[in-house]
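Visitor: pasted the sequence and its predicted model underneath.
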Amino acid sequence: MSRKIAYILIFTGIILLGYRLFYSGPEIKNARPSGQQIICFGDSLTAGYGASRGMDYPSQLSEMLARPVINAGVSGDTTGQALERLEEDVLSRDPRIVLITLGGNDLRHGILKRVAFANLKKIVEAIQDQGALVIVGGIDIPFYGRGFGEAYQKLADETGAILIPNIFKDIFGRRKLMSDSIHPNNDGYRIMARRFYDAIPDHLKR
């Protein structure tokens with residue numbers, strides 16, 4: 001290896017190290033939110049399909065936080081359907097923190113990624129315009145995800161929402177954590193609730 005190439009590699013390494021040390025990602029939008037209510041907004045993963053009564057992730061999250069959490073999940077909802085009920089189910093309820101699980105039904109029904117994430121962006125920004133913090137639970141399914149995983153990251157970068165890159169990580173496909181092929185059971189929903197709990201900034205858990 002020539003000395004010139006060695007210098008280039010060293011310089012590149014220094015730049016990458018500096019980037020990792022000093023770049024902390026996009027600024028969180030509404031890190032100190034207004035509003036009063038914690039609302040879980042989404043599809044069957046929020047509604048708690050496959051869970052026993054009181055074991056859906058919003059209920060388990062409520063126990064972890066020791067405060068009320070509103071479950072605004074509707075099984076089968078696409079991002080477009082969720083957008084239509086956003087005003088009634090979220091914006092009119094004085095949101096403080098809104099946790100979102102949406103996109104899985106768009107993926108399942110073959111809805112174009114650009115359409116799904118245009119809807120999601122409208123949802124996130126409308127909530128943020130009311131001063132609320134948004135936390136998005138992304139979905140990244142190997143071999144079937146159609147690039148949705150990367151699209152969730154782009155959404156978070158553009159909006160300043162907090163992202164859990166894959167809310168299904170180490171749950172999907174594990175029989176002991178699933179009630180059927182696509183929905184968690186009580187234990188799976190507990191893991192989801194814990195991930196959302198951990199994503200909420202500490203000063204907002206009180």
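Guide: Right, received. Where do you want to start?
Visitor: excluding its backbone neighbours, what's nearest residue 176?
Guide: Using C-beta to C-beta, 6 or more residues apart in numbering and skipping residues adjacent in sequence, the residue nearest residue 176 is residue 187, 6.9 Å away. In short, each C-beta sits where N, CA and C put it, glycine included.
Visitor: and if you look at residue 27?
Guide: residue 160 (5.7 Å).
Visitor: number of residues surrounding the one you found?
Guide: 18 (other C-beta atoms under 10 Å).
Visitor: alpha carbons only: can I get whatever helix or strand residue 127 lives in in CSV?
Guide: According to DSSP states H and E, residue 127 maps onto helix 113-128. The C-alpha atoms that make up helix 113-128 are tabulated as CSV, following Å, rounded to 0.1, in the frame of the first residue of the first chain:
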residue,chain,number,x,y,z
LYS,A,113,-45.0,2.8,-0.7
ARG,A,114,-45.0,6.4,-1.8
VAL,A,115,-48.8,6.6,-1.2
ALA,A,116,-48.5,5.0,2.2
PHE,A,117,-45.7,7.2,3.4
ALA,A,118,-47.3,10.4,2.0
ASN,A,119,-50.3,9.5,4.2
LEU,A,120,-48.1,8.8,7.2
LYS,A,121,-46.2,12.1,6.8
LYS,A,122,-49.5,14.0,6.7
ILE,A,123,-50.6,12.1,9.9
VAL,A,124,-47.3,12.8,11.7
GLU,A,125,-47.1,16.5,10.7
ALA,A,126,-50.8,17.2,11.7
ILE,A,127,-50.1,15.7,15.1
GLN,A,128,-46.9,17.7,15.5
